[in-house]
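Participant: generate a structure from the sequence data that follows.
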Amino acid sequence: MKRILKSILVAYIIAHFCILPGYEVAAFTIKEERQVGEKLLYTIRKSFDVLDEPDLKQYLRKLGIEVLGAAGIQFFDYHFYVIENDDFNAFAAPSGLIFFHSGLIEKMESENELVSVLAHEIGHVAKRHISSRIKKGKQISVATMGLMLAAIALGGGVGSQALMAGSMAAGQSASLHYSRLDEEEADLLAYDWMIKLGRNPEGQVKMLQTMRRIARYRSGMIPQYLLTHPNPEYRLNYVQSLIDSDRGELKELNEGNDIQFLRFKYRVMSQTRDTRYQRKYFASVLSSPRADELDQVMAEYGLAQLDRKENNFEQSLKRLTKVIEAVDETNGFLVDKGVIEFESGKSDQAYKTLTAAYNLDRNDNYAAFSLAQVSFKLGFLERAEQLYKSVMYDMPDLSRVYFELGRLSSAKGASPESKYYLGKYYLYQGNLNHAKNNFDMAIASKELPEELLKDAKESLETIKRLKE
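Facilitator: Reported below is the predicted structural model:
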């Protein structure tokens, strides 16, 4: 089924990226880049598993905002996503959409490694590298770009190799040349921004070392032009030379918050890896002579997530309690505890735990979303609605919040609002037909509040544009 969906993805992207009149010899405008990015995003949402969890999105967005503060004014609003894919890859799509493969996150060991990749991808968007390749004229056509993006989304599988081989005959060398320049520019921007943020760029070196090792392993199976971030050897030497020249000034730079990074990493792994692999992974961490106290504690956290996945809630809570006692920053872990209590049927205790976590930080969308779920279960509908809407306003592309608001509206007997929210849910899931049907029913009711009616009509225009 996955292969079929991915084949559909290729056809869809080719249709929308390759048959665009008038783009052959001109650069994309900002508006056109936004339209291309919009179409690509909804296609990926439909064809891949996007990890739509408020805590994962919240953490990535926090780091993104930090980097963007160093980068300065941008053309686009940035959005960050994790997709379930074992490949070691991240890619920047038009208009500020940045995707991390779960396989890449699994290979990282520190927050600064993650920030270095995030900054690198922001560099690609800020310099509009995709658009500039088209601007160079017929050397790199829109068709080639569409096939390149399809191959990126496919993660370098056999089908994408065939697509790329058919598209690169005329412009292969030029495409490689510009990619090298793009990578060097994005690396330099990432390095400068990390220094500006007071972050140690050694994280950038470690990521390039990992990339070099994987590139060497893959080089016999996948052509170089399919590696979405080519020339790791050259890039590693380049970044290392920058560090060597700045060595005396790098001593006081911070290493990032690896507690929160490891929590993020293990949450991603718990949703993308099978339990047998996870147990082996955490056992190796616990037995490693290189593992420090933090590694040991966070391996316990990973095992707590694994126990939760296997519905062994009592053991999960025991492990999580040990973690909370050992770390300084407890809020995300406290929410985890409340979620596990809720899933184990202890709704009253979960409500107390999550209320405490929410009161510690009322801007924490993970705490707000989880508390809303428990509030709904306990019949506190107004409280749940208030919390869900606060998350919705702060994270308007979180599809799960619209599903929950749809359920809540239905429980309150507000059918038009329920249809509207389900329409939004399906829209952000990439299911355009279901989205259209629900918006049509919501509008036809003649009872939808004016603000929601306006948005429903605008959403139908978006659906129409996406289907063109």
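
Participant: neighbours around R276, how many?
Facilitator: Residue neighbour count, defined by other CB atoms under 10 Å, stands at 9 for R276. No exception for glycine: its C-beta is placed from N, CA and C like everyone else's.

Participant: can you tell me the SS state at it?
Facilitator: Here R276 is recorded as helix under DSSP: H, G, I helix; E, B strand; the rest coil.

Participant: which pLDDT value belongs to it?
Facilitator: Here the pLDDT value assigned to R276 is 92.

Participant: repeat that for G155.
Facilitator: Residue-level pLDDT assigned to G155 equals 52.

Participant: check the one 4 residues further on too.
Facilitator: The predicted local distance difference test score for G159 is 37.

Participant: T228 too?
Facilitator: pLDDT at T228 comes out at 56.

Participant: ok, for R45, nearest residue in space, not its chain neighbours?
Facilitator: Of all residues not flanking R45 in the chain, G430 sits nearest, at 3.5 Å (CB to CB, 6 or more residues apart in numbering).

Participant: measure the one you found to E32 for me?
Facilitator: 21 Å (CB to CB, to the nearest Å).

Participant: and for N89?
Facilitator: Taken as CB to CB, the span from N89 to E32 is 25 Å.

Participant: which one of these two has more residues nearby?
Facilitator: Neighbours per residue, other CB under 10 Å: of N89 and E32, the larger number sits with N89, 22 against 18.

Participant: excluding sequence neighbours, find me the nearest residue to that one.
Facilitator: Among residues not flanking N89 along the chain, H101 sits closest, at 4.6 Å (CB to CB, 6+ apart).

Participant: same question, K419
Facilitator: A442 (3.9 Å).

Participant: residues contacting that neighbour?
Facilitator: 416-417, 419-420, 423, 448, 452-453, 456 (CB atoms under 8 Å, 6 or more residues apart in numbering).

Participant: same thing but at 10 Å, please
Facilitator: By CB atoms under 10 Å, 6 or more residues apart in numbering, the contact list for A442 reads 415-424, 448, 452-453, 456, 459.

Participant: how about S284?
Facilitator: 291, 299.

Participant: hang on, it in a helix?
Facilitator: Yes. Using three-state DSSP, the assignment for S284 is a helix.

Participant: could you report the pLDDT at it?
Facilitator: 92.

Participant: what about it, distance to Q296?
Facilitator: In terms of CB to CB, S284 sits 12 Å off from Q296.

Participant: right, and V239 touches D192 too?
Facilitator: No. With contact defined as CB atoms under 10 Å, V239 does not reach D192; the gap is 11.2 Å.

Participant: of these two, who's got more company?
Facilitator: Neighbour comparison, V239 and D192: the larger count goes to V239, with 22 against 16 (by other CB under 10 Å).

Participant: overlap in contacts, V239 and D192.
Facilitator: P201.

Participant: list the contacts for the closest residue to Y358 other than its chain neighbours?
Facilitator: Counting by CB to CB, 6+ apart, Y358 lies nearest to A367, which is 4.3 Å off, once chain neighbours are set aside. A367 is in contact with 54-55, 58, 331-332, 334-335, 338-339, 353-361, 387, 391, counting by CB under 10 Å, 6+ apart.

Participant: filter these down to the buried ones.
Facilitator: Buried members of the contacts of A367, counted by 16 or more other CB atoms under 10 Å: 54-55, 58, 331-332, 334-335, 338-339, 353-358, 387, 391.
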